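[1] here's a sequence, model it:
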Amino acid sequence: MNRYTTTLAFVAGLTCAVGHAVAAELDGEVLFNTHCRNCHTAVKDDHRLGPSLHGIVGAEAGKASGFAAYSGSLKGFSWDEATLDKFMASPASVAPNTSMIYPPVESPEQRKAIIGFIKSKSTQ
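    All right, here's what the predicted structure looks like:
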């Protein structure tokens with residue numbers, strides 16, 4: 001193998017590896033499992049420490065059927081994509097007395113991917 005071919009193969013491999021890393025970074029299911037799944041599922045009525053997030057987009061906050069352990073400040077609003085995004089970035093900015101203690105999702109792209117995953121599971 002000549003030097004040109006070796007360099008080309010290296011660059012092609014590096015490009016594939018970087019592309020795969022970016023795709024994995026924005027995989028909503030992987031991100032949901034990383035950031036949310038310790039307490040939540042996206043399966044209807046499968047509540048854990050936190051409520052199921054199945055069907056949350058458009059739902060009234062603090063009202064998931066069969067889940068009663070809500071923070072007192074989760075009321076008076078509905079979960080649209082903008083509110084979910086804000087909550088994942090800074091839970092206390094949406095619900096000051098929230099019991100959600102998991103670290104915020106700092107990346108807007110990651111939050112968008114998580115919301116997309118939750119929405120996709122809500123139609124199943």
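[2] surely Val43 is in a strand?
    No: counting by DSSP: H, G, I helix; E, B strand; the rest coil, Val43 falls outside a strand, being coil.
[3] OK, contacts around it?
    Ser52, His54, Lys121 (Cβ atoms under 8 Å, 6 or more residues apart in numbering). For the C-beta atoms, the positions are set from N, CA and C on the backbone; glycine is no exception.
[4] from Cys39, how far off is the last one?
    Distance, Lys121 to Cys39, by Cβ to Cβ, to the nearest Å: 16 Å.
[5] of the two, who's got more company?
    The residue with more neighbours, out of Lys121 and Cys39, is Lys121; 19 against 16, by other Cβ atoms under 10 Å.
[6] would you mind measuring from the more buried one to Ala61?
    To Ala61, Lys121 is 19 Å away according to Cβ to Cβ.
[7] and for Ala68?
    Per Cβ to Cβ, Ala68 is found 14 Å from Ala61.
[8] more neighbours: which of those two?
    The residue with more neighbours, out of Ala68 and Ala61, is Ala61; 19 against 8, by other Cβ under 10 Å.
[9] contact partners for the spatially most central residue of the chain?
    In the chain, the residue lying closest to the centroid (Cα atoms, centre = their mean) is Ile114, at 2.8 Å. By Cβ under 8 Å, 6+ apart, the contact list for Ile114 reads Gly28, Leu31, Phe32, His35, Cys36, Met88, Val105.
[10] tell me the buried residues in the host helix or strand of it?
    Per DSSP states H and E, Ile114 falls inside helix 108-121. For helix 108-121, the neighbour count (16 or more other Cβ atoms under 10 Å) marks Gln110, Arg111, Lys112, Ala113, Ile114, Ile115, Gly116, Phe117, Ile118, Lys119, Lys121 as buried.
[11] same question, stretch 40-57
    Taking 16+ other Cβ under 10 Å as the neighbour-count basis, stretch 40-57 is seen to contain the buried residues His40, Thr41, Ala42, His47, Gly50, Pro51, Ser52, Leu53, His54, Gly55, Ile56.
[12] quick one: end-to-end distance for it.
    When the termini of stretch 40-57 are compared using Cα to Cα, to the nearest Å, they are 15 Å apart.
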